[in-house]
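A.B. asks: starting from these lines, generate the structure:
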Amino acid sequence: MKGPKVVVGMSGGVDSSVAAYLLKKQGYDVIGITMQIWQDEEEEAQQENGGCCGLSAVEDARRVAQRLEIPYYVMNFKEKFRQNVMDYFVEEYLAGRTPNPCIACNRYVKWEALLQRSLAIGAEYIATGHYARIAKLPGGRLAISNSVTADKDQTYALYNLTQEQLRHTLMPVGDYHKDEIRLLAEEIGLPVARKKDSQEICFIPDHDYAAFIESQAGERLKGEGNFVTSDGQVLGRHKGITHYTIGQRRGLNIAFGTRTFVKEIRPDTNEVVLGSGDEVFTDTLVADHINYMGLPEFEPGKRFLGKIRYGHKGAMCTVEQLGADKICCHFEEPVRAVTPGQAVVLYDGEYVAGGGTIL
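C.D. replies: Numbering: from 1, shown residues only. Now for the predicted structure:
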């Protein structure tokens, strides 16, 4: 008799492939699903684009499913992906912010849309190949927990999942190191055992964010504007605000006498504010769209490890509640390049306590 039914989101990579294998080995009734997110490109573009969900990913995932002897399907999520990830990405850049599309995709596409579709076909769980774990805390809440390997830890991009989503989620890869996952894949003969990890944003494989935004926004782009100091002194001309992010130094093409960094982006006036290295450090940030995960609220005075971007090691901070959906994080030491649009994720030990979007 088969165990609970689980839908595994298969990207064609080694991590999700081994996740499917591990769950089948544990007795689950496993179904493989690849989410079709590529838009209406020519077939050649579909082959190249789509990163974890392009046509080549479908073929790899299909071969893995055949090897594991599990049913496999491709589900269409084009509209959900367009609205919740691609359109969001463009709008954020036009507003002078730097979004994290993976966080939006995780919450609204990979979990919300895929979970609803999976429950509708009788599955009890969805599963992914993320390097993270799910823990039930003493108070009964569920939280994302650090994986066993810090190098591949992916908890930051998962902070926005809800309690309901976590109740229906399995993450078997979080108990393994990457080299162990590849070794497992080789031992069971998976064709993707040595496949390289995808590094780029899946819908911008050439990394040219500005060109993508220009192709989507068209006449809404304001184009060139002024580089200015904090007090309004004009320093030169910039290529358009979508070319810049907070803390950026390279690609400014301006002589300032000292090392110069992007300090602020002002979409209303189409200005990019430049400053010295010291000026891109701060000990406070404000965030909204708060998601409480391991904790139902942030206790005043309690210390958290706050991460302000995916690659940030984190810094200790306390949290001040500014409203029902707004917090201020006070860091014990200044942090560099706090960037509107990115997430601040708060950790209570190895658990994700919650987080929000930086204003």
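
A.B. asks: and Tyr347, which helix or strand is it part of?
C.D. replies: strand 343-348 (DSSP states H and E).

A.B. asks: CA atoms of that strand as PDB?
C.D. replies: Extracted as PDB, the C-alpha positions of strand 343-348 are listed here (Å, rounded to 0.1, in the frame of the first residue of the first chain):
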ATOM      1  CA  ALA A 343      14.000  41.200   2.200                       C
ATOM      2  CA  VAL A 344      15.200  41.300   5.700                       C
ATOM      3  CA  VAL A 345      14.900  37.800   7.200                       C
ATOM      4  CA  LEU A 346      15.100  37.400  11.000                       C
ATOM      5  CA  TYR A 347      16.500  34.200  12.500                       C
ATOM      6  CA  ASP A 348      15.900  33.000  16.000                       C
END
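
A.B. asks: list the buried ones in the helix or strand hosting Ile134?
C.D. replies: Using DSSP H and E, Ile134 sits in strand 132-136. Buried residues in strand 132-136, defined by neighbour count with 16 or more other CB atoms under 10 Å: Ala132, Arg133, Ile134, Ala135. (Each C-beta comes from the backbone N, C-alpha and C, glycine too.)

A.B. asks: which among these gets closest to Ala337?
C.D. replies: Nearest to Ala337, judged by CB to CB, of these is Ala132 at 24.8 Å.

A.B. asks: those helices in the stretch 51-200 of the chain, which residues are they?
C.D. replies: With DSSP state H, counting those that start in this stretch, the ranges of helices along the stretch 51-200 of the chain come out as 55-68, 78-81, 87-94, 101-105, 114-120, 163-167, 178-187.

A.B. asks: helices and strands around the longest one, which ones?
C.D. replies: Yep, that's helix 55-68 we're talking about. helix 14-25, strand 29-36, helix 43-48, strand 72-76 (3 or more CB pairs under 8 Å, 6 or more residues apart in numbering; DSSP states H and E).

A.B. asks: which residues make contact with it from outside it?
C.D. replies: For helix 55-68, contacts defined as CB atoms under 8 Å, 6 or more residues apart in numbering pick out 10-13, 16-17, 20-21, 24, 30, 32, 34, 36, 38, 43, 46-47, 50-51, 71-72, 74, 188-192, 195.

A.B. asks: for ChimeraX, write the selection for the buried entries among those.
C.D. replies: With 16+ other CB under 10 Å as the criterion, this ChimeraX line picks the buried residues out of those:
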select :10,11,12,13,16,17,20,21,24,30,32,34,36,38,46,50,51,72,74,190,191,192,195
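
A.B. asks: rewinding a little: what does the strand holding Ile134 contact?
C.D. replies: So strand 132-136 is contacted by 142-147, 153-155, 158, 166, 169-171, 174-175, 351 (CB under 8 Å, 6+ apart).

A.B. asks: please export the C-alpha coordinates of that strand as CSV.
C.D. replies: The C-alpha trace of strand 132-136 is given here as CSV (Å, rounded to 0.1, in the frame of the first residue of the first chain):
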residue,chain,number,x,y,z
ALA,A,132,16.3,23.8,4.1
ARG,A,133,14.3,21.9,6.7
ILE,A,134,10.9,22.3,8.3
ALA,A,135,10.7,22.2,12.1
LYS,A,136,7.8,22.1,14.5
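
A.B. asks: so how far is it off the chain centroid?
C.D. replies: 18 Å (CA atoms, centre = their mean, to the nearest Å).

A.B. asks: what's the closest non-adjacent residue to the residue nearest the centre of the chain?
C.D. replies: The C-alpha lying nearest the average C-alpha coordinate of the chain belongs to Cys102 (CA atoms, centre = their mean; 2.8 Å). If you skip the residues right next to it in sequence, Cys102 has Ala157 as its closest partner in space, 4.8 Å away by CB to CB, 6 or more residues apart in numbering.

A.B. asks: count of neighbours near that neighbour?
C.D. replies: Applying other CB atoms under 10 Å, we find 22 residues neighbouring Ala157.
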